[in-house]
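>>> this is a predicted model, with the sequence first.
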Amino acid sequence: NMDSSCRDSVIGITHNEGATLNCHGDTSCQSIHVTSATWVNTNCNGDASCKYSNMTTKGGELFCKGTSSCSESVIMSTNADVHELSINCGDEYACNSTVISADIGGALGISCDSNYSCNALN
């Protein structure tokens, strides 16, 4: 929960119960690579906290709070089950130039709540 605390980390989750990743602090989880066999709830709370990240999950919730918190990331979710994928882009440029690829059995929800929060979203 400190600035740059988990930056450039590679995180692999192999169990099926779900996981929560908390990134509190500027650039705290910047450029992380997450691969999960289950759903993952990720809280990105800080400027550029999860910027440049690559996340492959089976659904879950992604909260992007802080300027550019999830920008220029690749979010992929594949799941034949009913897990949903929810992405909340709450601050300026939070999901700017972010790529989202979802092939899921559940719902896909994307909220863009600030100026340029979903600018150039793919």
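Structure received. Numbering: from 1, shown residues only.
>>> contacts only, for Gln30.
By Cβ atoms under 8 Å, 6 or more residues apart in numbering, the residues touching Gln30 are Ser4, Arg7, Asp8, Ala48, Ser49, Cys50, Lys51, Tyr52, Ser53. In short, each C-beta sits where N, CA and C put it, glycine included.
>>> tally of neighbours for the second one?
Translated: Arg7. 18 (other Cβ atoms under 10 Å).
>>> tell me the pLDDT of it.
pLDDT, Arg7: 90.
>>> same question for the last one.
At Ser53, the predicted lDDT confidence score is 97.
>>> rewinding a little: give me the buried subset of the contacts of Gln30.
Neighbour-count burial (16 or more other Cβ atoms under 10 Å) applied to the contacts of Gln30 gives Arg7, Ala48, Ser49, Cys50, Lys51, Tyr52, Ser53.
>>> quick one: what helix or strand has the residue nearest the centre of the chain in it?
Computing the C-alpha centroid of the chain and ranking residues by Cα atoms, centre = their mean puts Leu62 first, at 4.4 Å. Following DSSP states H and E, one finds Leu62 within strand 60-65.
>>> and the next helix or strand after that strand, what does it pack against?
The first helix or strand that comes after strand 60-65 along the chain, using DSSP H and E, is strand 74-79. Applying 3 or more Cβ pairs under 8 Å, 6 or more residues apart in numbering; DSSP states H and E, one finds that strand 74-79 makes contact with strand 54-57, strand 99-104.
>>> dump these to a markdown table, plus distance to Cys89 and mean neighbour count.
Converted to a markdown table, the helices and strands packed on strand 74-79 look like this (distance: least, Cβ to Cβ, whole Å; neighbours: other Cβ atoms under 10 Å):
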| stretch | distance to Cys89 | mean neighbour count |
| --- | --- | --- |
| strand 54-57 | 14 | 20 |
| strand 99-104 | 10 | 15 |
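>>> rebuild these as a markdown table, extending it with distance to Leu121.
Putting these into a markdown table (distance: least, Cβ to Cβ, whole Å) gives the following:
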| stretch | distance to Leu121 |
| --- | --- |
| strand 54-57 | 15 |
| strand 99-104 | 7 |
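>>> worst mean pLDDT among these?
By mean pLDDT, the lowest-scoring of the helices and strands packed on strand 74-79 turns out to be strand 99-104, with a mean of 88.
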